[in-house]
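no sequence on this one, just coordinates:
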Ligand SMILES: N[C@@H](CCC(=O)N[C@@H](CS)C(=O)NCC(=O)O)C(=O)O
């Protein structure tokens, strides 16, 4: 069975969400954050100490966007994907990676410089710089979702999971009110999906949960 190492509301939520959308069985191991400090034994399994970390037989993966592609390609039977012969195939791959590299990365730096570092090492100006970088990039999302419900081919795919996780994370770091109405409405559509709600609660069913 697939085993996924997870921290509550971390990037691994993308993978839990995809697994819930696909309805495939999986075992969840919920770790405290950050795992390298809260679960040092995890470093023996995954030396980077980061989540997600997915193990499926002999396959081990630690990049959330790549893991979304893996799950959709291997278990999706066409669901959550855009096929290579569809017009938006390239745009779809771009969105899957944009969600992590262009949106989540600046948010993670904002969190670092405003919350995770000890008080004396925090740099509010950098937190604001990274917020603005993230917010400027939302113009692309705005243009895509004011015309259709989802990013590609007007159907829900892993591109929406990748980008949707970044939008969700932004709401957790004080940026919700700086989202435009179209972006907020898009995030609302994503968050109303039963699989998203199930994914957010799934760690509660993990008997070893350290994620709160
Ligand atoms: N690019 C990776 C980033 C993975 C990552 O940095 N995960 C964070 C959680 S959101 C983590 O585990 N941080 C713990 C640490 O850096 O020690 C991905 O998309 O999965």
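Now that the structure is in, tell me what you want to look at. Computed from a predicted structure; not experimentally measured.

please make it C-alpha for all contacts and neighbour counts, starting now.
Noted.

show me the beta-bridge partners of residue 27.
residue 3 (DSSP bridges).

tell me the phi and psi of the most far-flung residue of the chain relative to its centre?
Within the chain, the residue lying farthest from the chain centre (CA atoms, centre = their mean) is residue 120, at 29.3 Å. Note on residue 120: backbone dihedrals following degrees, to the nearest 10 are phi -70, psi -20.

tell me the spacing between it and the ligand.
20 Å (CA to the nearest ligand atom, to the nearest Å).

could you do residue 45 as well?
13 Å.

for that residue, give me its contacts.
Applying CA atoms under 8 Å, 6 or more residues apart in numbering to residue 45 gives no contacts.

cool, residue 172 as well?
Residue 172 neighbours (CA under 8 Å, 6+ apart): none.

do the same with the one 3 residues further on
Residue 175 makes contact with residue 131 under the criterion CA under 8 Å, 6+ apart.

same question for residue 124.
113, 114.

all strands for this protein, in order.
Ranges of strands in the chain, per DSSP state E, are 2-6, 26-30, 53-56, 59-61.

tabulate the ones you listed (CSV), appending distance to residue 173, mean neighbour count and mean pLDDT.
Converted to CSV, those look like this (distance: least, CA to CA, whole Å; neighbours: other CA atoms under 10 Å; pLDDT from 0 to 100):
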stretch, distance to residue 173, mean neighbour count, mean pLDDT
strand 2-6, 19, 21, 98
strand 26-30, 22, 19, 97
strand 53-56, 24, 19, 98
strand 59-61, 27, 13, 98
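
so which of the ones you listed is nearest residue 107?
strand 2-6 (18.7 Å; CA to CA).
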